[in-house]
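Asks: Fold the stuff below for me.
(chains A and B)
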Amino acid sequence: MDTRHPQSLPDGSPLVRFADVTKSYGDLTVLDKLNLDIAQNEMVSIIGPSGSGKTTVLRVLMTLETINDGVIYVDGEPLTHMPSGAGLEVASESYLRQRRSKIGMVFQQFNLFPHMTALQNCIEAPMQVLGLSRDEAEERALDLLQMVGMDSKKDQHPTRLSGGQQQRVAIARALAMRPQVMLLDEVTSALDPEVIGEVLNVIRSLNSEHNLTMIMVTHQMGFAREISDRVCFFYEGKIAEQGSPEKLFEDPQNERTKQFLHAVLDAN
Amino acid sequence: MEWRWDFTFEILPRMLWATGNTLLAAGIGYLIALVVGLILMLGQRTPYRIVNFIVREVVEFIRSTPLLVQLFFVFFVAPQFGIKLTAWTSAMLTIGLHFGTYLSEVYRGALEGVPKAQWEACRALNFSTAYTYRRVVLPQAFPIALPGMGNYLVGIFKDTPLLATIGVAELMHTANALGAETYRYLEPYTMVGFIFLIISLPAAMGLRRLEAAVAKAQGKVKH
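Replies: Alright, predicted model coming up:
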């Protein structure tokens, strides 16, 4: 039992809070006592060199990986832990299943179910997990497929779709669960350059029209700058620097940030 | 020695009856092997390392010894320890166990062939483990397992002549008996070979079609 962290956060707390979160693989520390708050409706981009822990932030928040220390809170309640006596203990699988539904994730490699059509991909979870009827789930899925411009391909299997189209279906699939926080893990990294725009347009509309809380790990500096409320630069498992996109991109303070931006912007 | 058609037709009814027994032995043996394979595969994936270890060693042991030896052990040696089984029971038990070990490897390979990312997508969508297996993992593992499963069906069928050695009245046993009764061996053994051929070939072709149909139903593009 751990009593260092509260069993719940007071009203008005951020939607997501990483409190002293440490994640390591053997000797390798990927997240080092990370503290990060994400406010409701905030769009946060995470940038940084590979191996800096930026994807791990999303993976531990999606509970794909367990953390070694600290607590992650979502919507005021702990996610990685559950109340026990006066403190917290590591969450059980059934507790995780209750809490995890507040979070949705879109993967670099889309990870659509290849044996299902685009529509089936989007209705499975709402029907099984949320208990929607097939009609309700299809109505919801069709709305979302239309929003991402994929309604005309609803009966196609993923192998028949381009990378950009698959990723748009994957976004619709995640949205169908109505998550409070959407995690985007390098969603354009596996795409051909000519289809990156169609995926970025979908994310733009999620941000501007739907006001979804989003955390995005990205290598698209221009896009991060355009769309983010805040940009976090990760280095060696910590936030080396964060701030508004204007501040971070135009007037970085940290030496590592300067080097990274230099290298990345030079490459483009 | 000349081929005699009249003799061929004379023994045909007995050969066909024996063919029925051969198919029955192969079919029942295969069904048992499918289930045993599943149990052995699950036995290697439990959270208990000692259980996984023991099951894996048993699988290796059975795979590394000949089917005929196992058959003789069950039918001839086991009775000396008080376990008396009929020829049919011994045959089904041995085939089920022997090929179950091979099928457990087929299942294991197929499950491991489903990308880890598919599990992660299911977790991100909050599926239960049972639902993940049922709707996502098994449907993708099945086409991977299908060629191996088909091979062992034909493999069991072609190994049924071994059962003649313990007196199961399948094709080989019947051909032996006919030879002993009539001193004509050409026709009975040729017929055995021919019957195996005309069943195996279409079966293999049918399995390939089934693989293609499953792939198509799952939206796979043929390359």
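
Asks: What about the nearest residue to residue B:78 once chain neighbours are set aside, how many residues nearby?
Replies: Distances taken as CB to CB, 6 or more residues apart in numbering or on different chains place residue B:85 nearest to residue B:78, at 6.8 Å, with adjacent residues excluded. Using the backbone N, CA and C atoms, a C-beta is placed for each residue, glycine as well. By other CB atoms under 10 Å in any protein chain shown, 16 other residues sit near residue B:85.

Asks: Which positions in chain B make contact with chain A?
Replies: B:115, B:117-118, B:120-121, B:123-128, B:131, B:135-136, B:139-140, B:218-221 (CB under 8 Å from any CB of the partner chain).

Asks: Now the residue of chain B found nearest chain A. Its backbone dihedrals?
Replies: Proximity of chain B to chain A (CB to the nearest CB) peaks at residue B:219, 2.6 Å away. The phi/psi pair for residue B:219 (degrees, to the nearest 10) reads phi 80, psi 20.

Asks: Was I right to think it contacts residue A:161?
Replies: No: between residue B:219 and residue A:161 there is no contact under CB atoms under 8 Å: 10.2 Å.

Asks: gap between the most far-flung residue of chain A relative to its centre and chain B?
Replies: Distance to the chain centre peaks in chain A at residue A:85, reaching 31.4 Å (criterion: CA atoms, centre = their mean). Distance, residue A:85 to chain B, by CB to the nearest CB, to the nearest Å: 27 Å.

Asks: Can you report phi and psi for that residue?
Replies: phi 60, psi -130.

Asks: now do residue A:49
Replies: Dihedral angles for residue A:49 - degrees, to the nearest 10 - are phi -70, psi 160.

Asks: Nearest residue to it in space, please, no chain neighbours.
Replies: Closest to residue A:49 by CB to CB, 6+ apart is residue A:260, at 6.0 Å.

Asks: The residue of chain B closest to chain A: what's it in contact with?
Replies: A:114, A:115, A:116, A:117, A:156, A:157, A:158, A:159, A:160 (CB atoms under 8 Å, 6 or more residues apart in numbering or on different chains).

Asks: Just the closest of those to residue B:152, please.
Replies: residue A:115 (23.7 Å; CB to CB).

Asks: in terms of contact, does the closest one touch residue B:140 like I think?
Replies: Yes: Residue A:115 is within contact range of residue B:140, at 5.9 Å (criterion: CB under 8 Å).

Asks: so what's in contact with the two at the same time?
Replies: residue B:218.

Asks: what about the two, which has more around it?
Replies: Neighbours were counted for residue A:115 and for residue B:140 using other CB under 10 Å; residue A:115 has more, 23 against 19.

Asks: could you point out the longest helix in chain B?
Replies: The residue-count maximum for a helix in chain B (DSSP state H) belongs to helix B:5-43.

Asks: Tell me the secondary structure at residue A:88.
Replies: strand (DSSP: H, G, I helix; E, B strand; the rest coil).

Asks: go on, the one 10 residues further on?
Replies: What three-state DSSP gives for residue A:98 is helix.
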